[in-house]
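> Whatever this is, show me its structure:
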Amino acid sequence: MRSVIVVDPIKSSLVMTSEIVKECVSGVSIKIATNGHDCLNLVDSNNFDMMIIDFDLPDTDGVSLYNLLRNTYKGPIIIMAYPSDDNVVQDAIDKELFLYADSAQWLHKPISKKLLSQIIQKYLMQ
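Okay, the predicted model is just below:
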């Protein structure tokens with residue numbers, strides 16, 4: 001059985017993202033976290049096949065959390081965020097995470113079912 005963690009402080013985003021994952025992956029186990037601290041605690045006690053994390057968390061940003069996760073987790077980490085006029089997210093990803101193909105394909109919110117499905121197929125269902 002595949003296992004995915006979704007990290008987002010916004011309940012509606014958690015629900016929507018989780019539902020899309022469930023539609024794409026039969027029998028998937030989904031854990032949720034609303035901040036970076038809870039995410040790190042779940043990662044310590046679980047083995048996930050994929051992570052989907054929001055860029056704007058109450059206690060950290062997506063790039064910082066990504067870098068912490070990379071110390072122990074080697075699977076795909078997908079970042080999602082609302083695009084901004086000043087390109088903060090894109091600039092942070094381009095500067096800090098350009099080496100990682102998974103995070104470079106960050107998802108714009110609101111999440112597109114088609115795009116998330118494609119990413120799941122690429123990184124989770126290989």
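> mind listing the helices for the protein?
For the chain, the helices defined by DSSP state H occupy 11-24, 36-45, 62-69, 88-96, 101-104, 113-123.
> Residues contacting the longest one, please?
Contacts to helix 11-24, defined as CB atoms under 8 Å, 6 or more residues apart in numbering, come from residues 4, 6, 8, 28, 30, 32, 34, 52, 54, 80, 109-111, 113, 116-117, 120-121, 125. All C-beta spots, glycine's among them, are computed from the backbone N, C-alpha and C.
> Just the buried ones from those residues?
4, 6, 8, 28, 30, 32, 34, 52, 54, 80, 109, 111, 116-117, 120 (16 or more other CB atoms under 10 Å).
> okay, and the helix or strand of this structure with the least pLDDT?
helix 101-104 (a mean of 70; mean pLDDT, DSSP states H and E).
> Packing partners of that helix?
The elements that helix 101-104 packs onto, with contact taken as 3 or more CB pairs under 8 Å, 6 or more residues apart in numbering; DSSP states H and E, are strand 77-81.
> From D56, how far out is N35?
From N35 across to D56, the span is 11 Å (CB to CB, to the nearest Å).
> what residues do the two have in common as contacts?
P9.
> What is the burial count for V15?
The number of residues packed near V15 is 13, by other CB atoms under 10 Å.
> And it, how far from I93?
Applying CB to CB to V15 and I93 gives a distance of 25 Å.
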